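**Q** From the sequence below, what's the structure:
(one chain, ligands or ions: 1)
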Amino acid sequence: QSGSVAANPEQYDESYLCPVQVGGQTLNLDFDTGSADLWVFSTLTPASESTGHAKYNPKTSGKAKSGYTWNISYGDNSGASGTVYADKVVVGGVTATSQAVEAATSVSTQFMQDTDNDGLLGLAFSTINTVQPQQQTTFFDTVKGTLAKKLFTVDLKAGTAGTYDFGYIDNSKYSGTITYVPVKTTNGFWEFTAGAATANNRSLGSVGDAIADTGTTLMYLPTAVTSAYYAQISGSTNSADAGGYIFPCDADVPDFHIAIGGKSFTVPGEYINFTPADNSGEQCFGGIQPNTGIGFTILGDVFLKAMFVVFDQTTSAPRLGFAAQ
Ligand SMILES: O[C@H](COCc1ccccc1F)CN1CCCC1
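**A** Got it, this is the predicted structure:
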């Protein structure tokens with residue numbers, strides 16, 4: 001089988017939500033290549049934490065996995081926990097007849113407050129799934145064997161709907177050729193080595209070890225690369241108050257170029273002029289921020305929405321394919 005689902009951006013492209021049928025009920029889920037749990041707001045989630053969210057009712061067709069629990073915390077200190085059911089999950093026509101559906105009994109305030117988001121669909125490697133006592137597979141790993149090709153592609157866009165495709169590569173969605181790089185799976189992420197970064201034809205240094213993470217909004221780069229980039233924007237400053245680099249909203253924000261697999265890819269400066277940093281709209285928050293405390297580089301949506309990316313498990317050695325949109 002194969003299929004395609006829309007990836008609808010929230011305001012400022014903060015995250016992208018995709019309609020998914022869970023036990024016949026449609027929920028809008030954040031597809032996250034940086035985690036491996038499929039969890040949903042549910043009738044088991046306290047009403048005080050789930051107002052405004054679509055909720056999965058396991059009573060309809062879910063089969064309880066008795067004694068199974070899950071508990072996840074994310075890099076930004078958001079998190080959720082709950083119990084586990086097996087149910088039918090359909091994404092863009094691709095059907096998992098029995099998928100582990102993790103029903104939330106508790107969610108953190110970040111999730112409670114984002115009422116567009118009814119849960120997450122993890123697309124990292126199942127080795128980091130949090131279900132106990134028995135780890136469960138991601139939707140992709142569950143259906144992988146039934147897909148025309150063991151891959152999915154990600155085509156996020158700036159300010160408009162993109163797509164996640166499963167089982168095939170749509171050659172109309174990218175320009176030029178796809179450049180493939182090997183993936184290191186030991187941390188459970190789609191992790192690879194990126195190369196030199198430049199802006200205004202000046203070297204910013206090497207990016208190095210990075211993950212392709214659809215669940216992270218921004219790009220978190222090595223501190224040296226980040227400070228070299230903002231040195232080229234007059235009036236920019238790393239503001240503890242704002243929580244990162246900001247600059248005048250009318251600044252000239254240069255394109256960011258990064259080498260991957262020996263090819264150069266461009267993130268337009270306008271994507272890096274990310275959001276107003278305050279209510280005056282005078283200062284704007286940068287789409288590139290330092291990866292301090294993270295330990296590796298995260299190429300999130302600000303990067304991905306300039307790219308067409310193939311998450312490929314067609315061979316025993318997973319690989320990532322990058323092309324310009
Ligand atoms: O929690 C992730 C973002 O994690 C990456 C990250 C961002 C900022 C500081 C440290 C980090 F590790 C985003 N959520 C994952 C699921 C929903 C959004």
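**Q** Smallest gap between the chain and the ligand, at which residue?
**A** With C-beta to the nearest ligand atom, the shortest gap between the chain and the ligand falls at residue 75, namely 1.9 Å. C-beta here means a position set from N, CA and C on the backbone, and glycine is covered the same way.
**Q** Show the backbone phi and psi for that residue.
**A** Its backbone dihedrals place residue 75 at phi -60, psi -30, with angles given as degrees, to the nearest 10.
**Q** Show me where the stretch 101-250 of the chain has its strands.
**A** Listed from the start of the chain, the stretch 101-250 of the chain has strands (DSSP state E, counting those that start in this stretch) covering 119-122, 151-155, 162-166, 175-182, 191-199, 202-212, 219-221, 237-239, 244-248.
**Q** ok, back up a step: surely the residue of the chain closest to the ligand and residue 293 touch.
**A** No - with contact defined as C-beta atoms under 8 Å, residue 75 does not count as touching residue 293 (9.1 Å).
**Q** Which of the two has more residues huddled nearby?
**A** A side-by-side neighbour count of residue 75 and residue 293, using other C-beta atoms under 10 Å, places residue 75 first with 15 against 7.
**Q** Without its sequence neighbours, what residue ends up closest to that one?
**A** When the adjacent residues along the chain are set aside, residue 75 lies closest to residue 294, with 6.5 Å between them (C-beta to C-beta, 6 or more residues apart in numbering).
**Q** That neighbour - how many residues pack around it?
**A** Using other C-beta under 10 Å as the criterion, residue 294 is surrounded by 13 other residues.
**Q** So which bits of the stretch 101-250 of the chain are right by the ligand?
**A** When proximity is defined by C-beta under 6 Å from any ligand atom, the stretch 101-250 of the chain lies next to the ligand at 120, 215-216.
**Q** Turn those into a markdown table, columns for pLDDT.
**A** Formatted as a markdown table, the entries for those read as follows, by pLDDT from 0 to 100:
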| residue | pLDDT |
| --- | --- |
| 120 | 99 |
| 215 | 98 |
| 216 | 98 |
